[in-house]
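S.K.: Show me how the following folds:
(chains A and B)
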Amino acid sequence: DAGVIQSPRHEVTEMGQEVTLRCKPISGHDYLFWYRQTMMRGLELLIYFNNNVPIDDSGMPEDRFSAKMPNASFSTLKIQPSEPRDSAVYFCASGLQETQYFGPGTRLLVL
Amino acid sequence: KNQVEQSPQSLIILEGKNCTLQCNYTVSPFSNLRWYKQDTGRGPVSLTIMTFSENTKSNGRYTATLDADTKQSSLHITASQLSDSASYICVVASSGDKLTFGTGTRLAVRP
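M.R.: Numbering: from 1, shown residues only, chains lettered A, B, ... in the order given. Next comes the predicted model:
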C-alpha cells in the first residue's frame, strides 16, 4: 500500500485565494483526520470523519474552512478565502480506531 | 482545561546514549496516551498507544511508561541512533476521541 497520499505537497498562494487540499486514505481505513501544524501551536486536529461522515469539526478554526469526504477514498480540505495566518503544514491521517497513519503533509504558504 | 506538557523542549545527546522524555497531562476523562515520532518534513508515526491499565509498553528501543495516578508518562530511548533525531509528540485521548496534543520534544542525536 502506498500509504496516505496528499496533494499538492507544496502550495503557495495569495491572500484571498481559494485553496483545496486533497487526501487519499489507506484503503480499508474507516477513520480520516485533518490536522494543522505550526511552530507556534503545534499539531491541531481540525476535523475527523468515520465512514465518510464528519464526526467532530470543533477544531475547524472558522467558516473559511470546510472539509468533505464524498467517498471512502477521497477527502478535501478547502480554505476560502485564504489568509496569511493559514500558513502551516496540513496533514491528513487515516486509521482504524486509535492507530493513525499520517500522510506526508501539504506545506501551505499564504502571501 | 485539558493540557499536555512535554519536557524538555529540546535535547541533544551523543549516539549510543540513553534518554528519557517526559509528558505530564491534565486530561479527563482519560482514554489512552500515544507517543509519536516525527522526522523533519514528514508526518508523525505512531510509536506506542497505552490505555489506563497499561503501565509500560515497548516498541524496539522505545519504551513508554504510564502512571495514571500521577498523570505522567515517559518515553525512554535506549542506545540512541542518529535516526532517532526527530520530534517526539505526546497525545492524550479522552472519551469521545477528543485529542490533546503536547508541543513535542525535539531530540538531536550527535555522532
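
S.K.: The closest residue to B:Asp84 other than its chain neighbours: which element?
M.R.: Take B:Asp84 and drop its neighbours on the chain: the residue closest to it by CB to CB, 6 or more residues apart in numbering or on different chains is B:Val109, 5.1 Å away. Every residue, glycine included, has its C-beta placed from N, CA and C. Assigned by DSSP states H and E, B:Val109 belongs to strand B:105-110.

S.K.: Pull the residues that contact that strand.
M.R.: Contacts with strand B:105-110, where a contact means CB atoms under 8 Å, 6 or more residues apart in numbering or on different chains, come from B:6-15, B:19, B:21, B:77, B:80-88.

S.K.: Which one of the residues in chain A is closest to chain B?
M.R.: Among residues of chain A, the one nearest chain B by CB to the nearest CB turns out to be A:Phe102. It sits 3.0 Å away.

S.K.: now the strands: where do they sit in the chain?
M.R.: You didn't pick a chain, so chain A it is. Taking DSSP state E as the criterion, chain A contains strands spanning A:5-7, A:10-13, A:19-24, A:31-38, A:42-50, A:53-56, A:65-71, A:74-79, A:88-96, A:99-102, A:106-110.

S.K.: Can you look at chain B instead?
M.R.: Taking DSSP E as the criterion, chain B carries its strands at B:4-7, B:10-14, B:19-25, B:30-38, B:45-51, B:56-59, B:62-67, B:72-77, B:86-94, B:98-101, B:105-110.

S.K.: Output the lowest mean pLDDT helix or strand found in the chain.
M.R.: Reading this off chain A. For chain A, scoring each helix and strand by mean pLDDT, DSSP states H and E identifies strand A:99-102 as the least confident one, at a mean of 90.

S.K.: Chain B is the one I meant
M.R.: Comparing helices and strands within chain B by mean pLDDT, DSSP H and E singles out strand B:98-101 as the least confident, with a mean of 87.

S.K.: what lines up beside that one in the sheet?
M.R.: Sheet neighbours of strand B:98-101, with direction, are listed as strand B:86-94 (antiparallel) (DSSP bridges).

S.K.: The strand it pairs with vs strand A:31-38, what angle?
M.R.: Counting by axes from the mean of the first three to the mean of the last three CA atoms, to 10 degrees, strand B:86-94 lies at 130 degrees to strand A:31-38.

S.K.: Could you give the separation of strand B:86-94 from the chain centroid?
M.R.: For strand B:86-94, the distance between its averaged C-alpha position and the chain's averaged C-alpha position is 5 Å (CA atoms, centre = their mean, to the nearest Å).

S.K.: try stretch A:83-98
M.R.: Centroid displacement of stretch A:83-98 relative to its chain, using CA atoms, centre = their mean, is 4 Å.

S.K.: Mind checking the pLDDT average for it?
M.R.: The predicted model assigns stretch A:83-98 a mean pLDDT of 93.

S.K.: ends of it, how far apart?
M.R.: Stretch A:83-98 has an end-to-end distance of 32 Å (criterion: CA to CA, to the nearest Å).
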